[in-house]
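Student: next come a sequence and a model predicted from it.
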Amino acid sequence: MNVKGYVLGLLVSLQFFSSLPIPISIKMDRNVIKRTVMMFPVLGLIMGGIMGSLLYCLNEWTNLSSLALAFIVWVLPIILTGGIHLDGWMDTSDAYFSYQDKEKRLEIMKDPRAGAFAVISVIVLLSARFLFIYESMMLDSLVLASMIGVIPFFSRMIMGILMVTGKTAKEEGMAHYFKQHTSPVYLLTYSIPYVLIAVIFLWLLPNIADLFLLFTLAAVLLNLWIRRQTIKWFGGITGDTLGASVEGAETLLWMIVWLSAYTGMA
């Protein structure tokens, strides 16, 4: 097992998809790109681990209000990613709500300017997510921290699966660059962290194991829906639609946590 290769892949994924400082230069060859895609779930676990650990510590050892804690959890992913996925959400929204043909939508997606629909859609997305986070603060701190820890894991898995198995809308850009150097067989590595996390939930947190399984079902259905709709709307996936999938997935999973707080599932 080439441990160094996987470390390099993780570092590249951090450089591409996070704002964490990785001050080294890494040569991008096929093996590094392959392992970068393989490490997407680990990238999600790092993001989720930072957010979940911080929330748990603040919840247990400070007197911060639920509103303050919710704001920290809400804004931290934007800081950790540098807003890269939100940019994809906004560009995708602008293109979709233009109601033009596929070619024109792809042109709109490349436009660096943000249109009215981009602004409206990101306000709705972030407002809804803040509501879900704030009203989920009623949950036990360990339960909430655990769920926060796996939300980025699922969203990055969705991004990786779409990137490798989806049809690309154009033969250029980030999605095409990664896809041409990877193969669906590489995604088998995603089962390793998934099984480990599932065992942890079943063993240590059996009271919310059903919520973890609900996350899994939601991720599978969302992946299938996005893959179908991106072909219908844009002719396939792009870097922007992949970013939008991360933001959409995390908001959907937060909605599930929010609903579980009311139904007593968690």
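Tutor: Everything's here; your move. This is a predicted model, so every value here is computed, not measured.
Student: ranges for the strands of the stretch 1-150 of the chain?
Tutor: For the stretch 1-150 of the chain, no strands are identified by DSSP state E, counting those that start in this stretch.
Student: what bits of it have low per-residue confidence?
Tutor: 1-2 (pLDDT under 70).
Student: would you state the helices of it in chain order?
Tutor: Along the stretch 1-150 of the chain, counting by DSSP state H, counting those that start in this stretch, helices occupy 3-17, 30-38, 40-61, 66-81, 84-96, 102-110, 116-135, 141-165.
Student: between these, which gets nearest to M255?
Tutor: M255 lies closest, by CB to CB, to one member of the helices of the stretch 1-150 of the chain: helix 116-135, at 5.3 Å. From N, CA and C alone the C-beta is placed, and that goes for glycine too.
Student: picking up where we left off before, I'd like the helices of the stretch 1-150 of the chain as JSON lines, with mean neighbour count and distance to I208 appended.
Tutor: Compiled in JSON lines, the helices of the stretch 1-150 of the chain are given as follows (neighbours: other CB atoms under 10 Å; distance: least, CB to CB, whole Å):
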{"stretch": "helix 3-17", "mean neighbour count": "18", "distance to I208": "27"}
{"stretch": "helix 30-38", "mean neighbour count": "20", "distance to I208": "28"}
{"stretch": "helix 40-61", "mean neighbour count": "19", "distance to I208": "13"}
{"stretch": "helix 66-81", "mean neighbour count": "17", "distance to I208": "18"}
{"stretch": "helix 84-96", "mean neighbour count": "23", "distance to I208": "26"}
{"stretch": "helix 102-110", "mean neighbour count": "16", "distance to I208": "38"}
{"stretch": "helix 116-135", "mean neighbour count": "16", "distance to I208": "16"}
{"stretch": "helix 141-165", "mean neighbour count": "23", "distance to I208": "6"}
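Student: could you dump those to TSV with distance to I24?
Tutor: Output for the helices of the stretch 1-150 of the chain, formatted as TSV (distance: least, CB to CB, whole Å):
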stretch	distance to I24
helix 3-17	7
helix 30-38	12
helix 40-61	16
helix 66-81	19
helix 84-96	20
helix 102-110	30
helix 116-135	32
helix 141-165	22
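Student: quick one: closest of these to L259.
Tutor: helix 116-135 (8.7 Å).
Student: ok so, going back, which one of the helices of the stretch 1-150 of the chain lies closest to A249?
Tutor: helix 141-165 (4.1 Å).
Student: so which other helices or strands are in contact with that closest one?
Tutor: helix 30-38, helix 40-61, helix 173-179, helix 191-204, helix 209-234, helix 239-263 (3 or more CB pairs under 8 Å, 6 or more residues apart in numbering; DSSP states H and E).
Student: run the chain-centre distance for that helix.
Tutor: Centroid separation for helix 141-165 versus its chain: 6 Å, with CA atoms, centre = their mean, to the nearest Å.
Student: now stretch 132-152
Tutor: On CA atoms, centre = their mean, the centre of stretch 132-152 falls 16 Å from the chain's centre.
Student: alpha carbons only: can I get it in CSV?
Tutor: Below are the C-alpha coordinates for stretch 132-152, written out as CSV (Å, rounded to 0.1, in the frame of the first residue of the first chain):
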residue,chain,number,x,y,z
PHE,A,132,-32.0,23.9,10.4
ILE,A,133,-28.8,24.4,12.4
TYR,A,134,-30.3,26.7,15.0
GLU,A,135,-33.3,24.6,15.8
SER,A,136,-31.2,21.5,15.9
MET,A,137,-29.3,22.9,18.9
MET,A,138,-31.9,21.3,21.1
LEU,A,139,-30.3,18.0,20.5
ASP,A,140,-27.8,16.3,22.9
SER,A,141,-24.3,17.9,22.2
LEU,A,142,-22.7,14.5,21.5
VAL,A,143,-25.4,13.5,19.1
LEU,A,144,-25.3,16.8,17.3
ALA,A,145,-21.5,16.8,17.1
SER,A,146,-21.6,13.2,15.6
MET,A,147,-24.1,14.2,12.9
ILE,A,148,-22.1,17.3,12.1
GLY,A,149,-19.1,15.1,11.7
VAL,A,150,-20.6,12.9,9.0
ILE,A,151,-22.5,15.5,7.0
PRO,A,152,-19.4,16.7,5.0
